[in-house]
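Participant: coordinates only, no sequence provided:
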């Protein structure tokens with residue numbers, strides 16, 4: 001049984017009446033804007049708007065106006081082509097195809113020709129060449145870290161020491177992370193291959209699935225932080241890039257199944273237009289309370305076992321994943337557990353860490369598991385709530 005929701009995943013804060021009224025006014029203004037968006041039949045999608053300056057210098061370094069102008073344009077330009085990564089990816093793809101590529105040597109030749117023919121300097125103006133030189137110089141400065149903000153497109157500059165201290169404050173949480181001496185990627189890759197082979201030999205997954213899930217060319221997920229410039233003291237949001245971890249292939253496949261289950265949740269909202277559609281026929285009065293809640297460190301606070309139970313219940317109650325009936329629910333749950341088991345680690349610079357509790361941060365699967373578990377918490381909480389609900 002799922003039992004009680006995880007304690008401590010939400011934080012309740014009492015606020016003064018004036019602050020509450022101000023918050024309610026802001027939420028009402030947001031809702032009124034949805035009506036305008038609803039009637040926009042043709043929309044031009046621009047880069048995400050970020051109010052305020054496109055550049056936030058939190059470091060102690062003083063930059064020239066030219067440097068600030070270049071940095072304010074957005075993300076750092078990539079000035080080189082990583083040929084080794086391209087070749088590795090091509091060979092990995094050819095190997096995974098197991099003979100489905102008709103002429104692999106021809107493919108290799110065409111890719112090599114494209115790499116050799118690539119001449120980025122021919123399309124660069126003298127001004128852009130100068131900007132690239134300045135960016136390269138800034139990138140070599142070990143005393144500063146140039147990154148993007150957690151929300152929006154703002155470029156953020158921090159002192160390296162400040163960035164490192166804030167990363168340390170996250171990683172020194174012994175209840176969540178544990179430093180290990182060696183990289184477990186090779187060990188995890190071999191173990192996952194063995195588990196997948198057992199599933200294939202037992203005919204629980206098809207040979208095609210086995211090839212799709214088969215991990216190769218793997219590396220440890222990379223840990224970094226994005227500054228929350230909208231919050232006091234600019235804390236970092238921990239990010240783990242898992243695109244090359246052993247269980248990535250399994251996770252991507254499972255995500256194609258689970259995305260159909262999201263729409264079965266009562267609180268599912270596709271976007272702001274969808275929210276307006278669901279609220280437009282309800283009466284919103286002065287006495288109506290529009291509220292929202294935020295989970296604290298949701299992934300690491302979630303109980304993995306309860307998340308898996310919530311998922312299994314969803315699979316048993318819904319048939320929206322009928323196209324994937326070639327897999328039994330027990331097999332899907334086995335794949336989910338393998339994905340979680342071999343994704344709870346990462347690398348920060350030269351050090352390796354295990355995540356000792358919660359869902360793996362950064363995997364494609366964790367948002368779905370957290371969603372299904374949060375749905376359970378929402379429904380359990382609302383069913384015991386004394387006030388009348390206008391909509392949920």
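Facilitator: Now that the structure is in, tell me what you want to look at. Treat the numbers as computed from the prediction; the structure is a model and nothing was measured.
Participant: pull out the buried positions in stretch 263-275.
Facilitator: 265, 275 (16 or more other Cβ atoms under 10 Å). For the C-beta atoms, the positions are set from N, CA and C on the backbone; glycine is no exception.
Participant: first-to-last residue distance for it?
Facilitator: Length of stretch 263-275, first residue to last, Cα to Cα, to the nearest Å: 13 Å.
Participant: let me see the ranges of the helices in this protein.
Facilitator: Per DSSP state H, the chain carries helices over the ranges 17-38, 65-71, 83-97, 104-117, 126-139, 160-171, 185-201, 207-213, 248-262, 272-279, 298-301, 304-317, 329-341, 366-383.
Participant: contacting residues for residue 210?
Facilitator: 196, 197, 199, 200 (Cβ atoms under 8 Å, 6 or more residues apart in numbering).
Participant: quick one: which of those residues is most hemmed in?
Facilitator: For the contacts of residue 210, neighbours were counted using other Cβ atoms under 10 Å, and residue 196 has the most, 23 neighbours in all.
Participant: I'd guessed it sits against residue 207; true?
Facilitator: No: Residue 196 sits out of contact with residue 207 when judged by Cβ atoms under 8 Å, with a separation of 10.9 Å.
Participant: give me the number of residues near residue 91?
Facilitator: Residue 91: 14 neighbours (other Cβ under 10 Å).
Participant: show me the contacts for the residue nearest to residue 347 when sequence neighbours are not counted.
Facilitator: Leaving aside its chain neighbours, residue 347 sits nearest to residue 220 (4.0 Å; criterion: Cβ to Cβ, 6 or more residues apart in numbering). Neighbouring residues of residue 220 by Cβ under 8 Å, 6+ apart: 183, 184, 185, 245, 345, 346, 347, 352.
Participant: look at the fourth one and report its pLDDT.
Facilitator: Confidence at residue 245, expressed as pLDDT, is 91.
Participant: my guess is it contacts residue 342. True?
Facilitator: Yes: using Cβ under 8 Å, residue 245 is in contact with residue 342, at 7.3 Å.
Participant: where does the stretch 201-350 of the chain dip in pLDDT?
Facilitator: Scanning the stretch 201-350 of the chain for pLDDT under 70 picks out 320-325.
Participant: my guess is residue 209 contacts residue 253, does it?
Facilitator: Yes: the criterion here is Cβ under 8 Å, and residue 209 meets it with residue 253 at 7.2 Å.
Participant: dump the contacts of residue 210 to JSON lines, plus distance to residue 179.
Facilitator: Conversion of those to JSON lines gives the following (distance: Cβ to Cβ, whole Å):
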{"residue": "196", "distance to residue 179": "29"}
{"residue": "197", "distance to residue 179": "32"}
{"residue": "199", "distance to residue 179": "32"}
{"residue": "200", "distance to residue 179": "35"}
